[in-house]
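# kindly generate the corresponding structure for this input.
(chains A and B)
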Amino acid sequence: MKISIRATMSALWAATILAAFALSATAVKADEPVTVQISVKDHKFEPAQIHAPANKPILLRVKNLDATPMEFESVSLRVEKVVTASSEGVINLRPLQPGQYNFFDDFHQQTAGVLIVQ
Amino acid sequence: MDPIDGRPRVSNAGSVVRPAASAAVLSLTLACAGMSSISAARADDAYREIETKYIFGFTEGSGIGLEGEKEFSPDTIISSGKRDGRYTAVETKLKFEYTPNQFVQFEFGPIATYHDIQNVTGLTNISAGTFGGFFGEFRYLLLERGASSPLSVTLSIEPEWHNIDETTGQGVVNYGLETNINADLEVIKNRAYLGFNLLYEPERTLTQEGSSDEEATLGASAAFAYRVLPNVTIGAETWYLRHYAGLGFNTFTGDTVYVGPNLYIQIAPKIFATFAWNAQVAGHEVGVGNLDLADFSRNRFKVKASFEF
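Below is the predicted model of the structure:
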């Protein structure tokens, strides 16, 4: 049986799209998250060091107490979120391996902190 | 003699050595500069974590962006030089990139092309720029870097549709599926990285004359990148590429080795640019001789800017 090139390419494209949706779906975990809170005041994280358990999803609540917006950003956590002035941002983190995960305010680069997962 | 049209082939010796040697020397210099600095490298708070996707030049790192991140990135590749005549092909992908979660990234956008081809054996003269097609890319993080592992690996699948042939600049209908494994290794925390790519790209092309061609490119790369400043990364890379007629490695037509330097600059917190140059330093074109200048260009350059919003 001869399979046409067009059919093969169409199948590959379809497989790509299906794989994208399937893999996106598997990235969502059903476990109950652990909530961790942090505030930003006078462009400083309070506390600057936060803790969370390993291998559990984390709900990170970032409360911006300043009168200007901030952007919570972390390359190792692979998240960024703008939190407007005097408001709270909620960030869902995947289950993490033990280690240190640095974060900072992308609008005020000197504002930095660390999440310690153990 | 050219096996196709019987004309004498232009010697490639003189014109190849200079750019190829320059690229190799520049790559080696940048690599040595980076390596010599490594011994002096100290942990420095100014060197924060970095997205590795664009720090290696043509070699792509494993980065998939940050959840919620949106980027617009004009990504231009300029190919220049064939065995004779004058050859320049420019392809710009106007990329929109989006990272919906911490594992997946999507990219898509239109392609613009420009070709300036004069007196190249086997190619029709042309000087024109036009819309060249569409592409999409799906990236999935297979293995993330962590405290216990400095290695990160991403799978990338990129369907493409072209209405202009990338090499000849002529009107065609071309379908491709570029599949990559992008891996990188953090050698020194936040300072030095090694990157590796594996590539398989099958393509099918229908010409205006009604003929159809299938081809495939197989490749591997290794790259080094070192941050000389918190916002500046330099490095070097090498690529080995093999080209086949047919989708399943049916007939080998040639292979090539590219070498060249790369530079990455974080211009502002949400703006960066990357530059890379690869020169063909070795290779073989079946039935012709040294270097594969039918399937690949003598030089290729990459210029990419990115704007987050």
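# which residues of chain A fall in helices?
A:5-26 (DSSP state H).
# how deep is B:Asp116 tucked in, by neighbour count?
As a burial measure, B:Asp116 scores 16 neighbours (other CB atoms under 10 Å in any protein chain shown). Quick note: C-beta positions are derived from backbone N, CA and C, even for glycine.
# contacting residues for it?
Going by CB atoms under 8 Å, 6 or more residues apart in numbering or on different chains, B:Asp116 touches B:Arg86, B:Tyr87, B:Thr88, B:Ala89, B:Ile126, B:Ser127.
# mind redoing it with 10 Å?
B:Ser80, B:Arg86, B:Tyr87, B:Thr88, B:Ala89, B:Val90, B:Asn125, B:Ile126, B:Ser127, B:Ala128, B:Gly129, B:Gly169 (CB atoms under 10 Å, 6 or more residues apart in numbering or on different chains).
# geometric centre of the chain: which residue is closest?
Because you didn't say which chain, this covers chain A. Centroid check for chain A by CA atoms, centre = their mean gives A:Val79 as the closest residue, at 3.5 Å.
# ah, I was thinking of chain B
Central residue of chain B (CA atoms, centre = their mean): B:Phe58, at 3.3 Å.
# name the helix or strand for that one, please.
Counting by DSSP states H and E, there is no helix or strand that carries B:Phe58.
# coming back round to it: for the contacts of B:Asp116, pick the one with the most neighbours.
B:Gly169 (26 neighbours).
# who does the nearest residue to that one once chain neighbours are set aside bridge with?
Leaving aside its sequence neighbours, B:Gly169 sits nearest to B:His115 (CB to CB, 6 or more residues apart in numbering or on different chains; 3.0 Å). Counting by DSSP bridges, B:His115 is bridged to B:Ala89, B:Ala128.
# burial count for B:His115?
Neighbourhood size, B:His115 [other CB under 10 Å]: 26.
# surely it touches B:Ile126?
Yes: look at B:His115 against B:Ile126 with CB atoms under 10 Å: they come within range, at 5.2 Å.
# shared neighbours of the two, anything?
Shared contacts of B:His115 and B:Ile126, defined by CB under 10 Å, 6+ apart, comprise B:Ala89, B:Ile164, B:Thr168, B:Gly169, B:Gln170.
# so of those, which ones are in strands?
B:Ala89, B:Ile164 (DSSP state E).
# so which residues on the stretch 201-309 of chain B come close to chain A?
B:Pro202, B:Glu203, B:Arg204, B:Leu206, B:Ser212, B:Glu214, B:Gly246, B:Leu247, B:Pro269, B:Lys270, B:Glu308 (CB under 10 Å from any CB of the partner chain).
# could I get the pLDDT score of B:Trp248?
Heads up, residue B:248 is Gly, not Trp. B:Gly248 carries a pLDDT value of 86.
# now it, nearest residue through space, not along the chain?
Nearest non-adjacent residue to B:Gly248 (CB to CB, 6+ apart): B:Ala216, at 7.2 Å.
# okay, buried residues for the host helix or strand of that neighbour please.
If you go by DSSP H and E, B:Ala216 is part of strand B:212-229. Going by neighbour count (16 or more other CB atoms under 10 Å in any protein chain shown), the buried part of strand B:212-229 is B:Glu214, B:Glu215, B:Ala216, B:Thr217, B:Leu218, B:Gly219, B:Ser221, B:Ala223, B:Phe224, B:Ala225, B:Tyr226, B:Arg227.
# so which elements touch it?
In terms of contacts (3 or more CB pairs under 10 Å, 6 or more residues apart in numbering or on different chains; DSSP states H and E), strand B:212-229 is packed against helix A:5-26, helix B:13-38, strand B:171-188, strand B:192-207, strand B:232-245, strand B:251-268.
# ranking those by mean pLDDT, which is last?
When I compare the helices and strands packed on strand B:212-229, helix B:13-38 is least confident, with a mean of 49.
# tell me what A:His51 is bridged to.
With DSSP bridges as the rule, A:His51 is bridged to A:Ile116.
# all strands of chain A, in order?
Using DSSP E, strands in chain A cover A:34-41, A:44-46, A:49-52, A:58-64, A:70-74, A:79-83, A:87-93, A:99-105, A:108-117.
# chain center to the longest one, what's the gap?
Read that as strand A:108-117. Put simply, strand A:108-117 sits 14 Å off its chain's centre (CA atoms, centre = their mean, to the nearest Å).
# understood, closing this out.
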